[in-house]
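A.B. asks: My questions concern the predicted model and sequence given below.
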Amino acid sequence: MTAINGAEFELRPAEVLAVIGDNGAGKSSLIKALTGALIPDAGEILMDGQPVRFHNTLDARDAGIETVYQDLAVVPALDIASNVYLGRELRRKGVRGAVFRQLDKKAMQEEALRHLTDLKVSIKSVRQAVETLSGGQRQGVAVVRTAAFGRRVIIMDEPTAALGVRESGMVIDLIRQIRDRGLPVVLISHDMPNVFEVADRIHIHRLGQRAAVVDPRERNMSEVVALMTGAAEPTPLEREGGA
Ligand SMILES: Nc1ncnc2c1ncn2[C@@H]1O[C@H](COP(=O)(O)OP(=O)(O)OP(=O)(O)O)[C@@H](O)[C@H]1O
Ligand SMILES: [Mg+2]
């Protein structure tokens, strides 16, 4: 089974690039290849023109790429602060040379709250387990985590899929704020109104490949859907990746 087959992908500085495509088109697989969650058999990834190779998701995080995955956004049983700091827990200063140091819960809670407040995600207490939150708030925690730690690239795979209109609007606002801070965001989404609201460019994925990149100011929603399903052909420029 080949989920990605010679897919081109280009992300530019401080842009929101939407990635759209039918179910099974290979969007998540493409993103997993960029974040070390899946190792491609061939091809190369360049960051600022330099080749990079990720053997696992930690490699990509070390390189500043932070991702909200479609399927494993948060750990429900852990509290909010622990979710924000998942995999990069703060520890107290221990005796020099100590191998195990105690978690610094207080620092994590304070910092998590600061990050949430920064991005205007309202939550009663960061000590609350994530399973007690609504779908939108959970997504908010996952998004805040990426925004707090992503230094180079933010990737979100269907961040609004489980959300209501108001909550989706919040996530779209967060995406805008992240871009306005100068970080590029890759947004995988089926929600065309959301895509058209926030995207600077739209990457259309079809049958495991990039079919086109279009400018949302030049194409409307029904044209983009037609390109996505193969009902319409892109222009030669769009096929080559756009202007
Ligand atoms: N772990 C896996 N093992 C084998 N095949 C897989 C695996 N994950 C995905 N696939 C296959 O790869 C193809 C692309 O899947 P992928 O999840 O990338 O699609 P997608 O565009 O993200 O779809 P969706 O819109 O449903 O999220 C599909 O045909 C899928 O069945
Ligand atoms: Mg997917």
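C.D. replies: Structure's in. What do you need? The shown structure was predicted, so the numbers you read here are calculated from the model rather than taken from an experiment. Ligands and ions are numbered 1, 2, ... in the order given.
A.B. asks: Could you use CA atoms for every contact and neighbour count after this?
C.D. replies: Noted.
A.B. asks: check contacts around residue 137.
C.D. replies: When contacts are counted by Cα atoms under 8 Å, 6 or more residues apart in numbering, residue 137 is found next to 121, 123, 167.
A.B. asks: Specify the beta-bridge partners of residue 17.
C.D. replies: Using DSSP bridges, the bridge partners assigned to residue 17 are residue 186, residue 201.
A.B. asks: wait, it sits on residue 189?
C.D. replies: No: look at residue 17 against residue 189 with Cα atoms under 8 Å: they stay out of range, at 10.5 Å.
A.B. asks: Tell me which of the two has more neighbours.
C.D. replies: Neighbour count, other Cα atoms under 10 Å: between residue 17 and residue 189, residue 17 has more, with 23 against 20.
A.B. asks: if I look at the more buried one, how far off is ligand 1?
C.D. replies: Distance, residue 17 to ligand 1, by Cα to the nearest ligand atom, to the nearest Å: 15 Å.
A.B. asks: same check, this time on residue 12
C.D. replies: Distance, residue 12 to ligand 1, using Cα to the nearest ligand atom: 21 Å.
A.B. asks: Next, count neighbours for residue 55.
C.D. replies: 14.
A.B. asks: So it: helix, strand or coil?
C.D. replies: Here residue 55 is recorded as coil under DSSP: H, G, I helix; E, B strand; the rest coil.
A.B. asks: Is stretch 174-191 in proximity to ligand 1?
C.D. replies: No: applying Cα under 6 Å from any ligand atom, one finds stretch 174-191 out of contact with ligand 1, separated by at least 7.3 Å.
A.B. asks: Residues in contact with that stretch: which ones?
C.D. replies: Here stretch 174-191 makes contact (Cα under 8 Å, 6+ apart) with 11-21, 27, 119, 143, 147, 151-161, 195, 198.
A.B. asks: do stretch 66-83 as well
C.D. replies: Residues outside stretch 66-83 that contact it (Cα under 8 Å, 6+ apart): 28, 35, 60, 89, 108-109, 112-113, 126-131, 138-139, 141-143, 145-147, 149-151, 153-159.
A.B. asks: quick one, strands of the protein?
C.D. replies: Along the chain, counting by DSSP state E, strands occupy 16-20, 45-47, 50-52, 65-68, 153-157, 185-188, 201-206, 209-214.
A.B. asks: quick one: contacts of the first one?
C.D. replies: Residues lying outside strand 16-20 but in contact with it, judged by Cα under 8 Å, 6+ apart, are 11, 27, 175, 179, 184-190, 195, 198-205, 228.
A.B. asks: give the contact list for residue 9.
C.D. replies: Contacts here follow Cα under 8 Å, 6+ apart; on that basis residue 9 touches residue 210.
A.B. asks: any idea how far it lies from ligand 1?
C.D. replies: Separation of residue 9 from ligand 1 (Cα to the nearest ligand atom) stands at 14 Å.
A.B. asks: Close to ligand 1: what parts of this protein are there?
C.D. replies: For the chain, the contact set with ligand 1 under Cα under 6 Å from any ligand atom comprises 3, 22-29.
A.B. asks: Give me the buried entries from the contacts of strand 16-20.
C.D. replies: Using 16 or more other Cα atoms under 10 Å as the burial test, those include 27, 175, 179, 184-190, 195, 198-205, 228 as buried.
A.B. asks: Right, I'll call it a day here.
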